[in-house]
Every structure is written in structure tokens, then in C-alpha cells.
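Enquirer: Give the three-dimensional model of this entry:
(one chain, ligands or ions: 1)
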Amino acid sequence: MSRACRSCARAFEDGEPLDTALLRGPEGYQRVDLCAECWAKEWADPSRRPENFVSHWKSRYRAPRPEAEPIRKETAEELLRHLIERGEARMAGACFILCVMLERKKILRMKARTRAEGRLWLHYEHARTGESFSVPDPELKLNELDVVQRQVGALLERGPEALEREGALGSDNAASADQAPSDKPFPEQTARERADS
Ligand SMILES: [Zn+2]
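Expert: Numbering: from 1, shown residues only. Purely as a prediction, here's the structure:
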């Protein structure tokens, strides 16, 4: 869409109604945007249209939006690494969903499922780097799945720090520093050692 009227060269304003004509040119179709006034004066009357006039429609000029805030979204993989590093029990569901997402994208490969400490652990390997990622299966129920998926969406969109500042991450009693370390979901080595035994 042009930014200005082809005829009077006035720049369009955002939301301004305009008239667009399609003309047949030597190298295909050519689009011509006119302000409503110029359209009325020049081509509204069909007898005044040029021979190569093909069609016409009314539209509105939409000014290009300013660039969105330069917040770089975390990729699912970056977010997973980030959350595993944080090692918080309340993030177990989010980590699980991220692993499933990355497995679908063939970034992670499921290598094994094991039981340790009464829970199921999922062991993944990074398809490119060979790194291992172990996460507990949070055994989400259907109604929890929805909540966790939304949480992952928000985490990907805005990052854990922003959500935390707003208190949107929920409590993490199970993973606070003075709790038994076995409550933490990501003693990765431990999990893997157990998996091997
Ligand atoms: Zn004009």
C-alpha cells in the first residue's frame, strides 16, 4: 500500500479511507492508491477510467506500526535451560511442557524414562549437542495441563523474571533453599545416576 496519494501526493493518515485501483501494466498489474477526493475527481466516473483499468476497491490506510518493544523472546530451548538452572519445583510442569515442545521440534530426543524417588523421570538428549536434560514427569492432570501451558506461554512471552516480579509464578515452598534437596526437581546428576543404577 502506498503511503501517499498517487495523484495529489498527500501522505495518507492512519485510518484514512482511500480508493485503490488495479491497472494492467506492461509487466503485470499495478496498484494505484488514491485519496477519496482524488478518486472522486478522477476515476469515480467509469467513463473517465483508463483503458487498462481492471478493478477498484475501497480500503483504509494503515500506517506501519512502530517496531514492537525490542524485548527478545526467549526460545523454548533457552527457557528450558534457564528453568533447569533455577531448579524450582514449581517449574516442573513448565519444564515438562517445554521438553515435550522441543521433542516435537526434534531438538530433544527422549532417551529413557526411569523411576526415582517415587516419581517418573524423563531423560532427553539434545539432538545437536548431545547434552542431557532430565526432568520429572509432573503427571499433570488434564485440568492442570491447560494452566501449565498458559504459564509456559507467558514465560516464553515475558520471561520468568518479569512474572516473578508480578508474583505470577505461584509459591515454591517445596524448593526453597532450606528444604530437603530431594524436593528439588533437578538434581540432574542424581537423577541420572539413579537412572543408571
Ligand atoms: Zn489525492
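Enquirer: which helix is the longest one in this structure?
Expert: In the chain, taking DSSP state H as the definition, the longest helix is helix 142-158.
Enquirer: Could you name the helices and strands sitting against it?
Expert: For helix 142-158, the packing partners by 3 or more CB pairs under 8 Å, 6 or more residues apart in numbering; DSSP states H and E come out as helix 76-86, helix 92-104. No exception for glycine: its C-beta is placed from N, CA and C like everyone else's.
Enquirer: If you average the pLDDT over it, what comes out?
Expert: For helix 142-158, mean pLDDT rounds to 89.
Enquirer: Kindly report the same for stretch 92-110.
Expert: On average, the pLDDT along stretch 92-110 is 93.
Enquirer: which residues touch it?
Expert: Contact with stretch 92-110 is made by 76-77, 79-80, 83-84, 122-128, 133, 135-138, 140, 144, 148-149, 151-152, 155, 185-186, as judged by CB atoms under 8 Å, 6 or more residues apart in numbering.
Enquirer: again with stretch 119-128
Expert: 96, 99, 102-103, 106-115, 131-137, 139, 191-192, 194-195.
Enquirer: Mind doing that once more with 10 Å?
Expert: 77, 80-81, 92, 95-96, 99-100, 102-103, 105-115, 131-139, 185, 188, 191-192, 194-195 (CB atoms under 10 Å, 6 or more residues apart in numbering).
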